[in-house]
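In: Got a sequence here, can you build the structure:
(2 chains)
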Number of protein chains: 2
Amino acid sequence: MARLVMKFGGTSVAGMDRIRNAARHVKREVDAGAQVAVVVSAMAGKTDELVALCRDASPHFDRREYDSVVASGEQVTAGLLAIALQSIGVAARSWQGWQIPILTTQTPGAARISGIDGERIVANLVARNEVAVIAGFQGLSKGTGRVTTLGRGGSDTSAVAVAAAIKADRCDIYTDVDGIYTTDPRVVPKARRLDRVAYEEMLEMASLGAKVMQVRSVELAMLKKVKTVVRSSFENPDSPRSGTLICDEEDIVEQQVVTGIAFSRDEAQITLRRVADRPGVAAAIFSPLAEAGINVDMIVQVASDDTVTTDITFTVGSGDFDRAKAILEKTKAQIGYAALQGAGGVAKVSAIGIGMRSHSGVAAIAFQALSEKGINIRAITTSEIKISVLIDTAYTELAVRTLHAIYGLDEA
Amino acid sequence: MARLVMKFGGTSVAGMDRIRNAARHVKREVDAGAQVAVVVSAMAGKTDELVALCRDASPHFDRREYDSVVASGEQVTAGLLAIALQSIGVAARSWQGWQIPILTTQTPGAARISGIDGERIVANLVARNEVAVIAGFQGLSKGTGRVTTLGRGGSDTSAVAVAAAIKADRCDIYTDVDGIYTTDPRVVPKARRLDRVAYEEMLEMASLGAKVMQVRSVELAMLKKVKTVVRSSFENPDSPRSGTLICDEEDIVEQQVVTGIAFSRDEAQITLRRVADRPGVAAAIFSPLAEAGINVDMIVQVASDDTVTTDITFTVGSGDFDRAKAILEKTKAQIGYAALQGAGGVAKVSAIGIGMRSHSGVAAIAFQALSEKGINIRAITTSEIKISVLIDTAYTELAVRTLHAIYGLDEA
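Out: The predicted structure is shown next:
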């Protein structure tokens, strides 16, 4: 008998009609003989509303209180979905995080799951085939006895962690898209839905802006070998499409060299010229930025022509651009560099694929294709399964379409 | 050092401005040196909204799920008030029912408090003078491990029970009126706020429709000897009026014969003529009504002129009138009566006062006064501290004003 976790995100439970629709998806699986645990998010908009209340109470709100307030959103959805399931003849009960319990670290607002006792859930599944409807995004800090939340998007992580805890055969992430695409279909109409994608690829895609699943949840799925499917709750619950399976690379039979093209537009580039090439210089540059909470993404270092100094290029979110420049100018003496050059309005475009490991010349194809379109490459980084180029934002769509075609991803 | 429970009802926490106002009331007491536990209701309207969601999920919703959904309302208020308190320099943390825990019976939607461990609350009050902001209306069923609610208005009961558990010197019920009045000021503009009222009197007033405090909470206050004050949250938090103290009758120095005039308009009268005067006849009449969930209020039985039968008159809520008549007609053979007479549009008017115990002739004064105004009395019941008369609804205001004046309650 299959054991399944089904996770419904905010848009999939946005109102009672959507919740009833989710219930039909669950019923389909139960009717097919599966043991099902469901993980739910708050109804779309609800979390924002509760956060706004906390902010209104005080701009410097106590994050432990925030956790207790905001966790109520998932609690309400869980109860309502349990009722909706019962009303169509499916045995169900809701579980708040502390009831299972889903134990977490005690960092309020950004707790990490430290352990889930799946025994009671499994016992109910086995003995009564009672669907467990679990409030996602929340847990209990054993040390403090208080409710914690996992941070935005944490329900995906809840779902994968529950799947691991109850040894589920699969974790289905129901959302408002029907799977992972080779790239954003709004940019490339010929983008195709992938049947399968490897954990590592999904991780690169998620962190590059695909935004379908939270990065942490993909990491956890990879670590715990949880087969995860991204699929749409908006299709007919009685005959849904199958979505995209995120799995081990061994489970992918026909591997493409490149699986997808990801991109993010809101970047800014900073280059420090003639930085002294000595140990500790990277720390001198990046530690003050990290302390200021500025996320540094792509980092490229090349030797200058004088061979005793080096040029360092990196990107930050465009919202952090001015702050990052100010910090670097203030610490110029400590770092020791000749000039700071910055440019807003840059985009990062990446080609991702497990298959690159065993194919050479993959990067060269991209550089050639972009150059033929007259797209100037500002910086390049590559990893085992990814090539990223930094270009002017204006060329983003053209670059994505070009790479999508050249790597054979366009729909036939 | 005084220890205090402060309870804020739905209208007193209806939005962030009202919650901030409640925080100022709490700060006043803390600044004056009190140890304070606060009990809060859901923001006005919130509970109705959550109940509507459950109904929408299924008209026959599982009340255990309802409890989990609806309890989120108080949870949100508790967190927000804790934040608001912290923001004005008052140490505070929120507590959900299960965290204390407030243990209850397992009846969903209508659980009764079975025990509160006040130790952790008291420890925090004593060690850190940290205000405990407790979600009212909710608890934990130890047997099932599930969240329970106490039924509408249950936050008053939570407050009194917490006051008893932490041995508070006083329980202040903050609401949208500034105390208990001799009668409804909308009917009698000369109504006066009472400084003190005995538990027994308040109990009669509450059940007769004064609606300021839930009946169960008054019973509990009487049982546990919790000094309870009804007062307004809408006054200036820095110099509030003192409200009405509900206390032991020994603590009331100057006793009036009659303390207040209560009334309820939405009643219907049913009279069964020539009922066989035999043991078990009352059970035959009232058991089927109780089984149908119909609340029977005033019951009067008088011997008929034939001395072997009796006439029985009682009242039900006007909403139950037709159902009650139908049930009695169906069980006519079992009961054995000659005729059923009914009348909608009747009102019950009651004079209440501990002082009646030691004064004779109190009832006669009422009958005389009503008769002089031409008000026909349909039925009378009296208890040690109460006289109730049933009259036509149209005369309600006149009767209330007449009794209010005759018993010396009009403001000087």
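In: now residue A:408, what's its secondary structure?
Out: Secondary structure, DSSP: H, G, I helix; E, B strand; the rest coil: residue A:408 is coil.
In: could you check the distance from the residue nearest to it when sequence neighbours are not counted over to residue A:199?
Out: Leaving aside its chain neighbours, residue A:408 sits nearest to residue A:256 (7.2 Å; criterion: Cβ to Cβ, 6 or more residues apart in numbering or on different chains). Heads up, the C-betas are built off the backbone N, CA and C, glycines and all. In this view, residue A:256 and residue A:199 are 16 Å apart by Cβ to Cβ, to the nearest Å.
In: more neighbours, these two?
Out: residue A:199 (22 against 17; other Cβ atoms under 10 Å in any protein chain shown).
In: Surely residue A:75 is within a helix?
Out: Yes. With three-state DSSP as the criterion, residue A:75 is part of a helix.
In: Is residue A:272 within a helix or a strand, and which one?
Out: Using DSSP states H and E, residue A:272 sits within strand A:260-276.
In: right, and the helix or strand after that strand?
Out: helix A:281-291.
In: quick one, that following helix and strand A:260-276 angle?
Out: Helix A:281-291 runs at 120 degrees relative to strand A:260-276, counting by axes from the mean of the first three to the mean of the last three Cα atoms, to 10 degrees.
In: which other helices and strands contact helix A:281-291?
Out: Counting contacts by 3 or more Cβ pairs under 8 Å, 6 or more residues apart in numbering or on different chains; DSSP states H and E, helix A:281-291 is packed against strand A:260-276, strand A:296-303, strand A:309-317, helix A:321-330, helix A:332-335.
In: Let me know the average pLDDT across it.
Out: The predicted model gives helix A:281-291 an average pLDDT of 90.
In: For that helix, give me every contacting residue.
Out: Helix A:281-291 is contacted from outside by A:272, A:275, A:296, A:312, A:316, A:324, A:327-328, A:331, A:334-336, using Cβ atoms under 8 Å, 6 or more residues apart in numbering or on different chains.
In: Adjacent strands (with direction) for the strand holding residue A:272?
Out: Applying DSSP bridges, strand A:260-276 is found paired with strand A:309-317 (antiparallel), strand A:339-352 (antiparallel).
In: May I see the buried residues of that strand?
Out: If you call a residue buried by 16 or more other Cβ atoms under 10 Å in any protein chain shown, then strand A:260-276 has these buried ones: A:260-264, A:266-272, A:274-275.
In: which one among those gets closest to chain B?
Out: residue A:266 (31.8 Å; Cβ to the nearest Cβ).
In: Name the residues of chain A found near chain B, please.
Out: A:16, A:19-20, A:50, A:53-54, A:56-58, A:60-62, A:64-66, A:68-69, A:72, A:75-76, A:78-84, A:86-87, A:93-94, A:96, A:98-99, A:145-147 (Cβ under 8 Å from any Cβ of the partner chain).
In: swap the cut-off to 7 Å and go again
Out: A:16, A:19, A:50, A:53-54, A:56-58, A:61-62, A:65, A:68-69, A:72, A:75-76, A:79-80, A:82-84, A:86-87, A:94, A:96, A:98-99, A:145 (Cβ under 7 Å from any Cβ of the partner chain).
In: In ChimeraX, select just the buried ones from those residues.
Out: ChimeraX command restricting these to the buried ones, with burial defined by 16+ other Cβ under 10 Å:
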select /A:16,19,50,53,54,56,57,58,61,62,65,68,69,72,75,76,79,80,82,83,84,86,87,94,96,98,99
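In: what's the neighbour count on residue A:248?
Out: Neighbour count for residue A:248, taken as other Cβ under 10 Å: 13.
In: Next, the contact list for it, please.
Out: Contact partners of residue A:248, counting by Cβ atoms under 7 Å, 6 or more residues apart in numbering or on different chains, are A:198-199, A:225.
In: Make TSV from these and add pLDDT and secondary structure to it.
Out: Listed next are the contacts of residue A:248 as TSV, based on pLDDT from 0 to 100; DSSP: H, G, I helix; E, B strand; the rest coil:
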residue	pLDDT	secondary structure
A:198	94	strand
A:199	94	helix
A:225	96	coil
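In: For the residue nearest the centre of chain A, give me phi and psi.
Out: Residue closest to the mean C-alpha point of chain A, counted by Cα atoms, centre = their mean, is residue A:214 at 2.6 Å. With angles defined as degrees, to the nearest 10, residue A:214 sits at phi -70, psi 140.
In: Tell me which of the strands paired with strand A:260-276 lies nearest to residue B:136.
Out: Among those, strand A:309-317 comes nearest to residue B:136, with 43.8 Å by Cβ to Cβ.
In: what about that closest one, distance to the chain center?
Out: 25 Å (Cα atoms, centre = their mean, to the nearest Å).
In: which residues sit against it?
Out: A:266-277, A:285, A:294-304, A:324, A:346, A:348, A:379, A:390.
In: what are the pairing partners of the lowest-mean-pLDDT helix or strand in chain A, and which direction each?
Out: Between all helices and strands in chain A, the lowest mean by mean pLDDT, DSSP states H and E belongs to strand A:296-303, at a mean of 86. Using DSSP bridges, strand A:296-303 pairs in its sheet with strand A:309-317 (antiparallel).
In: about what we covered before: what angle separates the least confident helix or strand of chain A from helix A:321-330?
Out: 40 degrees.
In: where in the stretch 101-250 of chain A is pLDDT low?
Out: A:152, A:207-210 (pLDDT under 70).
In: mind running it again at 80?
Out: Low-confidence segments of the stretch 101-250 of chain A, defined by pLDDT under 80: A:151-153, A:206-211.
In: which residue ranges form the helices in the stretch 51-200 of chain A?
Out: Per DSSP state H, counting those that start in this stretch, the stretch 51-200 of chain A carries helices over the ranges A:63-70, A:72-87, A:119-128, A:154-165, A:199-205.
In: outside of stretch A:318-331, which residues touch it?
Out: Contacts of stretch A:318-331 (Cβ under 7 Å, 6+ apart): A:266-268, A:270, A:288-289, A:292, A:294, A:316, A:340, A:342, A:344.
In: which pair in these spans the largest distance?
Out: Longest span within those, Cβ to Cβ: A:266 and A:288, 22.1 Å.
In: Could you report the neighbour count for the closest residue to residue A:324 other than its chain neighbours?
Out: Once flanking residues are discounted, residue A:324 sits nearest to residue A:316: 4.8 Å by Cβ to Cβ, 6+ apart. By the criterion of other Cβ under 10 Å, residue A:316 has 23 neighbours.
In: same check, this time on residue A:77
Out: Quick note: residue A:77 (other Cβ under 10 Å) scores 30 neighbours.
In: Sounds good, over and out.
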